[in-house]
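Asks: fold the following, please.
(2 chains)
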Amino acid sequence: MKIMVTVKQVATLDDEFELRDDGKDVDADFREHELNEFDDYSVEEALRIKEAASGDEVEVLVVTVGPEEADEALRQALAKGVDRAMRVWSDALEASDPVAVGRVLSKVAEREAPDLIFTGAQSSDHAFAATGMAMAGFLAWPHVAVITKLEYQPGAERATVHRELEGGLEEVMTVQCPAVLGIQLGINQPRYASLRGIRQARSREVEELAPDDLGLGGDAVGEPGSASRVRRMIVPERGRAEMIEGTPAEQAARLAEIIKETTGG
Amino acid sequence: MSETLVIAEQREGTFRPVTLEAIGAATMLKQAGGGPVAVAVIGADPDSLVGDASVSGVDEVVKVKTGSNDFQPEQQEAALAALIEQRKPKVVMLMHTVDAWSFAPVVAAATGCGFATDVFEVRMEDGGPVALRAGYKEKVHMEIDFPGKETVLLTMRSNVFQPAEGRAEPAVSSLEAPQADVRTTHESWLEPEDAGGIDIPGAEFILSIGRGVGDESNVEEFLELAEQMGATLGCSRPVADAGWLPKARQVGQSGQLAANCRLYVAMGISGAVQHQWGMKHVPTIVAVNTDPEASIFGVAHYGIVSDIFELAEELRNHF
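Replies: Next comes the predicted model:
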């Protein structure tokens, strides 16, 4: 059986940053990249199923949509032990929103025919919480978002999941497979890659595909294939705390004052 | 039609009050050039939800009868797609809840409508909605439009829009929902573990720790500090996920709302939006963090850039 895990290389911003000239995004010079935190958990969940099974029974494939630098995210997963890594990109994918990315990933899923797809519940940069479930929509597959526990035997017709709701309430559900499952933080404790794994991952192949290879024309990706368009980005006026300066002893003394004033103690 | 259609949320047949925030947002949009407000109530007994949805600003309540009050994504999707098909609303609003995460993107993919999530501001421009949402961990705002989209689906951030209140007498209509091929089954509920006397919602003074605490062995000294100061110890998600403190102490969207808190001291918490949801309303917030750019300083009233252990040690001398 096969588990497909979709991952995203997210961007974090430097302390000081500037917008691009067209105002629609932050200038690339001020962005750093890392694997989406949620995807760390979905990769781990797939690896656990693989390791609990016998031999090569379970294949784990990680897929991302992104430019060459996104290989870094894939190599992190390879270093931890996934079997295959795939990256889909062309310049036409620039400006794709989560729905357009979900469409691309759905085409990969049709081609690869996995038994389960794991996707991070959301991304730690833009937090759309949309790509994975949009993919499920294009596939018309069963789907559950925000999962904190998964019980699944390779090849089983149904999986049992815990869906995390607001306020700590959880719902136990069963879902028919193949299914798209949105993985929440805390479902497991992700491992660290070994140095040997990291070294080996450098020379592993990343399969590269373009939208054309998936039968997607220009109207299906990028802005034309999206459900939304970023017109501009705005750097908000941030509320700023009154900073308490001084040595730790002085800072603590002022904090103690604030606590006593506020609590009347 | 130019209407704004709100999809009400119910759990086991009980109307979820968070829906009133979406109705509030839709009503605000109506006053600013948006269309009339319709609210769809979807469930096994939609009649029982009509009263809850009949609040000020609502022009029509649409009953959609389904086979079950369980949350069945496919059934929600079929109902919403039928509502969009038949009513052609300009805007559809849901709250940005776990239920919405589970089915709104699916409808966006299946119907081709415009779509944005976690929206905290919306206005009409040239007859269509323009939405604001955050990006890059809240460091920027994204202004989003939906060129050429007849219907735009928006999920709205909670604790932003004034909930609708006051009774109204809207028109009531019904819509036939197509039968969906339901492939998820509700099995049971797991209530949050027993809080063991920990009362985050009731606490007036909370000392809260986050990732900055570094290791489980460091938690004890903050429990002691909290006790010494007369505070309740809270935490952010990573601390609870790691099992260092029970979930009952977690402040934030998937944990507790610090509902009665008057003073919140956040130590080593960067301030993810899900955490802020649980505490940003507190009248006095003090943030202690080594990173002067941590987003917690954006909601705090007082900020201290310091090592939390050093500060905690000094603080003990004052209580």
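
Asks: name the next helix or strand following the helix or strand of chain B with the lowest mean pLDDT along the chain.
Replies: The helix or strand of chain B with the poorest confidence is helix B:273-279; it has a mean of 92 (mean pLDDT, DSSP states H and E). Heading C-terminal from helix B:273-279, the first helix or strand you meet, by DSSP states H and E, is strand B:284-289.

Asks: neighbouring contacts of that next one?
Replies: With contacts defined as CB atoms under 8 Å, 6 or more residues apart in numbering or on different chains, strand B:284-289 is touched by A:241, A:255, A:258, A:262, B:212, B:262-271, B:279, B:294, B:296-297, B:299-306, B:308, B:311. Just so you know, the C-beta spots here come from the backbone N, C-alpha and C atoms, and that holds for glycine as well.

Asks: so how far is that strand from its chain's centroid?
Replies: 23 Å (CA atoms, centre = their mean, to the nearest Å).

Asks: host element of whichever residue of the stretch 1-150 of chain B sits closest to chain A?
Replies: Nearest to chain A, among the residues of the stretch 1-150 of chain B, is B:A109, at 3.0 Å (CB to the nearest CB). According to DSSP H and E, B:A109 maps onto helix B:98-111.

Asks: do B:V182 as well
Replies: Going by DSSP H and E, B:V182 is not in any helix or strand.

Asks: what number of residues are in the vicinity of B:Q274?
Replies: If you count neighbours by other CB atoms under 10 Å in any protein chain shown, B:Q274 ends up with 17.

Asks: if you could redo that for B:W244, that was the one I meant.
Replies: Other residues within reach of B:W244, judged by other CB under 10 Å, total 18.

Asks: could I get the pLDDT score of it?
Replies: Note for B:W244: predicted pLDDT of 95.

Asks: before we move on, what about B:K88?
Replies: B:K88 is given a pLDDT of 97.

Asks: my guess is it meets B:T151, correct?
Replies: Yes: between B:K88 and B:T151 there is a contact under CB atoms under 8 Å: 6.5 Å.

Asks: what about the two, which has more around it?
Replies: B:T151 (23 against 13).

Asks: wait, that one touches B:T111, no?
Replies: Yes: applying CB under 8 Å, one finds B:T151 in contact with B:T111, separated by 7.4 Å.

Asks: overlap of the contact sets of those two?
Replies: B:I84.

Asks: which ones are touching the closest residue to B:A78 other than its chain neighbours?
Replies: Using CB to CB, 6 or more residues apart in numbering or on different chains and skipping residues adjacent in sequence, the residue nearest B:A78 is B:A180, 3.9 Å away. By CB under 8 Å, 6+ apart, the residues touching B:A180 are B:72, B:74-75, B:77-78.

Asks: these in helices, which ones?
Replies: The helices, defined by DSSP state H, take in B:74-75, B:77-78 from those.

Asks: not counting residues beside it along the chain, what's closest to the closest residue to chain B within the stretch 1-150 of chain A?
Replies: Residue nearest to chain B within the stretch 1-150 of chain A: A:G137 (3.0 Å; CB to the nearest CB). Distances taken as CB to CB, 6+ apart put B:A109 closest to A:G137, at 3.0 Å, once the chain neighbours are dropped.

Asks: and A:T174, bridged to which residues?
Replies: A:T160, B:T185 (DSSP bridges).

Asks: quick one: A:E45 is in a helix?
Replies: Yes: using DSSP: H, G, I helix; E, B strand; the rest coil, the assignment for A:E45 is a helix.

Asks: for A:M4, helix, strand, or coil?
Replies: strand.

Asks: my guess is it contacts A:V63. True?
Replies: Yes: A:M4 lies in contact with A:V63 (CB under 8 Å); the separation is 6.1 Å.

Asks: overlap in contacts of these two?
Replies: In contact with both A:M4 and A:V63: A:V108, using CB under 8 Å, 6+ apart.

Asks: count of residues packed around residue 245?
Replies: With no chain named, the answer covers chain A. 10.

Asks: could you do chain B instead?
Replies: By other CB under 10 Å, 21 other residues sit near B:L245.

Asks: A:E164 versus that one, what's the distance?
Replies: 17 Å (CB to CB, to the nearest Å).

Asks: again with B:P292
Replies: 33 Å.

Asks: surely the residue of the stretch 1-150 of chain A closest to chain B touches B:A104?
Replies: No: applying CB under 8 Å as the test, A:G137 and B:A104 come out as separate, 9.6 Å apart.

Asks: quick one, which of these two is more surrounded?
Replies: More crowded of A:G137 and B:A104, by other CB under 10 Å: B:A104, with 31 against 27.

Asks: list the contacts of the more buried one.
Replies: Neighbours of B:A104 in contact, by CB under 8 Å, 6+ apart: A:130, A:133, B:80, B:94, B:115, B:117, B:153, B:155.

Asks: what distance separates the opening and closing residues of stretch A:173-191?
Replies: Start-to-end span of stretch A:173-191 (CA to CA, to the nearest Å) is 27 Å.

Asks: actually stretch A:132-147, sorry about that
Replies: Termini of stretch A:132-147 sit 13 Å apart (CA to CA).

Asks: same thing with stretch B:132-140?
Replies: Per CA to CA, stretch B:132-140 runs 10 Å from first to last residue.

Asks: off-centre distance for that stretch?
Replies: The answer for stretch B:132-140 is 16 Å, by CA atoms, centre = their mean.

Asks: hmm, it in reach of chain A?
Replies: Yes: using CB under 8 Å from any CB of the partner chain, we find that stretch B:132-140 touches chain A at B:132, B:134-137, B:139-140.

Asks: where does A:P67 land on pLDDT?
Replies: pLDDT, read off for A:P67, is 96.

Asks: what do you get for B:M1?
Replies: For B:M1, the predicted pLDDT is 58.

Asks: how about B:V41?
Replies: 98.

Asks: A:L209 against A:A85, yeah?
Replies: No: with contacts counted by CB under 8 Å, A:L209 stays clear of A:A85, the gap being 11.6 Å.

Asks: mind listing what the nearest residue to A:F38 once chain neighbours are set aside touches?
Replies: Nearest non-adjacent residue to A:F38, counting by CB to CB, 6+ apart: A:G120, 2.9 Å away. Shown in contact with A:G120 (CB under 8 Å, 6+ apart): A:6-8, A:36-39, A:41-42, A:132, A:182-183.

Asks: among those, name the ones in helices.
Replies: A:37-39, A:41-42, A:132.

Asks: B:D99: what's it in contact with?
Replies: A:165, B:9, B:71, B:76.

Asks: hang on, the first one packs against A:E171?
Replies: Yes: taking CB under 8 Å as the contact criterion, A:L165 and A:E171 are neighbours in contact, 6.2 Å apart.

Asks: compare neighbour counts for A:L209 and A:A85 and give me the winner.
Replies: A count of neighbours by other CB under 10 Å puts A:A85 above the other of A:L209 and A:A85, at 25 against 18.

Asks: for that one, name its beta-bridge partners.
Replies: A:V62.
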